[in-house]
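J.: Sharing a model that was predicted from the sequence below.
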Amino acid sequence: GGAFHSPLMESARKELEQAILSSAFSKPVCPVYQNVNAKPSTDPETIKANLIAQLTSPVLWTQSVINMIADGATTFIEVGPGTVLSGLIKRIAPEAKTLNVSDPKSLDETVKTLNVNR
């Protein structure tokens, strides 16, 4: 464990803020839900501000998932090792479909699954 997403991370905030503010962000093609406020955004400056705030703020995971489902999301893709987030999603919304991508093979399988369901 660590002090992630808590005020104890304040000492890392300056460096993270500089890195985020110096990075170019484009407007996303779909809304980005950020766990700092559980709301969707397509504004690059808002997304940057929320990324900085997230370092020291609690994660609003349940609210984020509920909001995404309320806005029409039915399938969630967890990218990375493990299935912790998929498991949490299933507890929040058992009807949601979850897919996992952890390597090239699982990426290919996920793409095939998504193309079949179109």
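T.: Yep, that arrived.

J.: ok, the nearest residue to Arg13 once chain neighbours are set aside - how many residues close by?
T.: Residue nearest to Arg13 in three dimensions, not counting chain neighbours: Leu55, with 5.6 Å by CB to CB, 6 or more residues apart in numbering. C-betas here are computed from N, CA, C, even on glycine. By other CB atoms under 10 Å, 18 other residues sit near Leu55.

J.: Look up how far Pro104 lies from Leu55.
T.: As for Leu55, its distance to Pro104 is 31 Å (criterion: CB to CB, to the nearest Å).

J.: same deal with Tyr33?
T.: From Tyr33 to Pro104 the distance is 27 Å (CB to CB).

J.: which of the two has more neighbours?
T.: Tyr33 (19 against 8).

J.: Identify the bridge partners of that one.
T.: Tyr33 has these beta-bridge partners by DSSP bridges: Pro40.

J.: Please list all residues in contact with it.
T.: Applying CB atoms under 8 Å, 6 or more residues apart in numbering, we find Tyr33 in contact with Lys39, Pro40, Ser41, Ser64, Asn67, Met68.

J.: could you redo the last one with a cut-off of 6 Å?
T.: Pro40, Ser64, Met68 (CB atoms under 6 Å, 6 or more residues apart in numbering).

J.: and which of those residues is nearest Ala12?
T.: Ser64 (22.5 Å; CB to CB).

J.: Go ahead and confirm the closest one touches Ala38.
T.: Yes - here Ser64 reaches Ala38: they are 4.3 Å apart, a contact under CB atoms under 6 Å.
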